[in-house]
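> what's the 3D shape of this:
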Amino acid sequence: MPATLKDKAAKGLFWSAFNSGTIQLLNAVFGIILARRLSQDDYGLIGMLMIFALVANSLQDSGFVTALTNRREASHKDFNSVFWFNVVVSFTMYLLFFFTAPLIAGFYHEPLFTSLSRYYFLGFFIASFSIVPRAILFRQIRQKPLAIIGVVALLVSGTVGVIMAYNGMAYWGLATQTLLFNFTVSLLSWIVSGWRPSFNISFQPIREMFGFSSKMLITNIFNQVNNNIFALVIGKLYNKSEVGLYTQAQKWNTMGSQTITGMVQGVAQPTFVQVGDDKERLCHSFSKMLRFTCFVSFPVMFGLSLIAPEFIVVLIGEKWLPSALLMRILCVGGAFLPISTLYFNMLIARGQSNIYMWNIISQGLVLLATIIGIHYAGGGVRDMVVSYACIVALWVWIWHFFVWRKIGFSIVQALRDILPFCLLAAASMIITYFATLGIENIYLLLSVRIMMAAVIYLAVLWVLKAKILRESFVYIFKRKI
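The predicted structure follows:
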């Protein structure tokens, strides 16, 4: 990459990592406090509603933000058109959810869902006002202001959510946390971006982008369903307590994987768009990002899997220990999510929204068929989670096939970039697990496992003179090693 783009991408990656990491850390702090205060049923109630809100979020975006980012040149007319389209769609969706709230309550046999869902779903309408200002910042790879906005919003909303929970408002506190987060993000995005809509509205840009964005819309809906299908299925086939356990396990898995995925997502698409059409440069840029993603993702996610039982008990209490096994399995699959994210961002940047759409739909159908099959075969929640982790891990190679066809990135190069970090991280966790079996104090066990696994992983990379490790140190400390 040219020096200016390389530096811009590196800074974007740093601030994207800071944004994802800090937000997930704050989520962890607030999550610990709330988990100690609230019950499995409280989390289960919000977990069962979450999939509806996430699908609505995809509908309000409608794929136009990604389409805007993919445009080499985007004007105020383009942004204004998308802004008003998002607001209208979001308001329409909220009205739909408002009047169908009793049906959601009937589906789950939970009468309180009528009022709770009407309140909770206000969040995605409020969020519609931030979509275009954030898209402008994202398009410009301005990850620093995005990071500050996210951190401030989470501090404000998390504090209010905790106060409400400790005053007996339970799941209402969780719902309010979501609403206040979206409101704060919207307000700060308007202030920081400096962009303002106008009433000179033309929907011509919407029509121009519709072919690309409609595929992104369908894909985003299926993506949200794929990621949250277990909460929906478990809530229907089992009970809200088991949804609560799964939601808790998935929450910690998501915090880990989303930290890395958010870091990749923040720079991958705009960087690949700016690199242009040179396949050799694209392969080089992709390979470098892939190595960095694997370098971070495998030790973090395999490490979370290693310490899951101690992590759960120490941070949120023994009542949540049954969720540790689910978390352990989910984290193994979660290690591959950032890699898939990098792959499909390359396809999106090359304008291949149709490939992205059909791949996500296919993955969703495979997941759904597997879950239904396991249920009718007498399997439980654990079997469903194992199947999910396996499908997520194997699907990386489906993504690879299409990237190979588009830019010529070979499977040999992909294996060279992925396998060393995967195998080393797995070996580090296995060695650490057996070396620490004799430690009985849970606090000491948690600390030793984290430190030992990190030292083994980094020491081996240092001895092998791994280029990505040295480059990371050089960038962080701003001097050669």
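> what's the helix or strand for Val448?
Following DSSP states H and E, the helix or strand that holds Val448 is helix 442-463.
> That helix: which residues count as buried?
Using 16 or more other Cβ atoms under 10 Å as the test for burial, helix 442-463 gives 445-446, 448-450, 452-453, 456-457, 461. Where you see a C-beta, it was placed from the backbone N, CA and C, and this is true even at glycine.
> can you list those in CSV and add distance to Gln363 and pLDDT?
Listed next are these as CSV, based on distance: Cβ to Cβ, whole Å; pLDDT from 0 to 100:
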residue, distance to Gln363, pLDDT
Leu445, 37, 93
Leu446, 34, 92
Val448, 38, 94
Arg449, 33, 94
Ile450, 32, 93
Met452, 36, 95
Ala453, 30, 94
Ile456, 34, 95
Tyr457, 30, 94
Leu461, 32, 91
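> just those now: which is nearest Ser186?
Looking at the buried residues of helix 442-463 and their distance to Ser186, the nearest is Ile450, at 37.1 Å (Cβ to Cβ).
> Might one say that the closest one is in contact with Val300?
No. Contact status for Ile450 versus Val300: not in contact, 11.0 Å apart, counting by Cβ atoms under 8 Å.
> Including distance to Gln250, could the buried residues of helix 442-463 go into JSON lines?
Supplementary listing: the buried residues of helix 442-463 in JSON lines, determined by distance: Cβ to Cβ, whole Å:
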{"residue": "Leu445", "distance to Gln250": "24"}
{"residue": "Leu446", "distance to Gln250": "21"}
{"residue": "Val448", "distance to Gln250": "27"}
{"residue": "Arg449", "distance to Gln250": "22"}
{"residue": "Ile450", "distance to Gln250": "22"}
{"residue": "Met452", "distance to Gln250": "27"}
{"residue": "Ala453", "distance to Gln250": "23"}
{"residue": "Ile456", "distance to Gln250": "28"}
{"residue": "Tyr457", "distance to Gln250": "25"}
{"residue": "Leu461", "distance to Gln250": "30"}
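> before we move on, the earlier item: give me the contacts around the helix holding Val448.
Among residues not part of helix 442-463, those counted as contacts by Cβ atoms under 8 Å, 6 or more residues apart in numbering are 295, 299, 303, 306-307, 310-311, 313-314, 424-425, 428-429, 431-433, 435-436, 439, 469.
> can we see that at 6 Å?
Applying Cβ atoms under 6 Å, 6 or more residues apart in numbering, the external contacts of helix 442-463 come out as 299, 303, 306-307, 310, 314, 424, 428-429, 432, 436, 439, 469.
> what helices or strands is the helix or strand containing Thr92 leaning on?
When secondary structure is defined by DSSP H and E, Thr92 falls within helix 76-108. If contacts are counted by 3 or more Cβ pairs under 6 Å, 6 or more residues apart in numbering; DSSP states H and E, helix 76-108 sits against helix 40-61, helix 113-120, helix 131-139, helix 204-237.
> one step back: of all the contacts of helix 442-463, the one with the weakest confidence?
Across these, the smallest pLDDT goes to Leu469, namely 76.
> wait, what's in contact with it?
When contacts are counted by Cβ under 6 Å, 6+ apart, Leu469 is found next to Leu461.
> Per-residue confidence, Val243, what does it come out as?
Residue-level pLDDT assigned to Val243 equals 67.
> swap that for Gly211, sorry
pLDDT at Gly211 comes out at 67.
> Lowest-scoring secondary structure element of this structure by mean pLDDT?
Among the helical and strand segments of the chain, the one scoring lowest on mean pLDDT, DSSP states H and E is helix 40-61, with a mean of 58.
> Can you tell me which of the buried residues of helix 442-463 is nearest Ala249?
Looking at those and their distance to Ala249, the nearest is Leu446, at 17.2 Å (Cβ to Cβ).
> the inter-axis angle of the helix holding Thr92 versus helix 131-139?
For helix 76-108 against helix 131-139, the angle between stretch directions is 120 degrees (axes from the mean of the first three to the mean of the last three Cα atoms, to 10 degrees).
> Would you mark the buried spots in the longest helix belonging to the chain?
Once the chain is assigned using DSSP state H, the helix that runs over the most residues is helix 279-316. The neighbour-count check on helix 279-316 (16+ other Cβ under 10 Å) flags 282-283, 285-286, 288-316 as buried.
> ok, how many other residues are close to Gly150?
22 (other Cβ atoms under 10 Å).
> and it, how far is that from Lys144?
11 Å (Cβ to Cβ, to the nearest Å).
> Equivalent analysis for Ile307, please.
Distance of Ile307 to Lys144, given as Cβ to Cβ: 31 Å.
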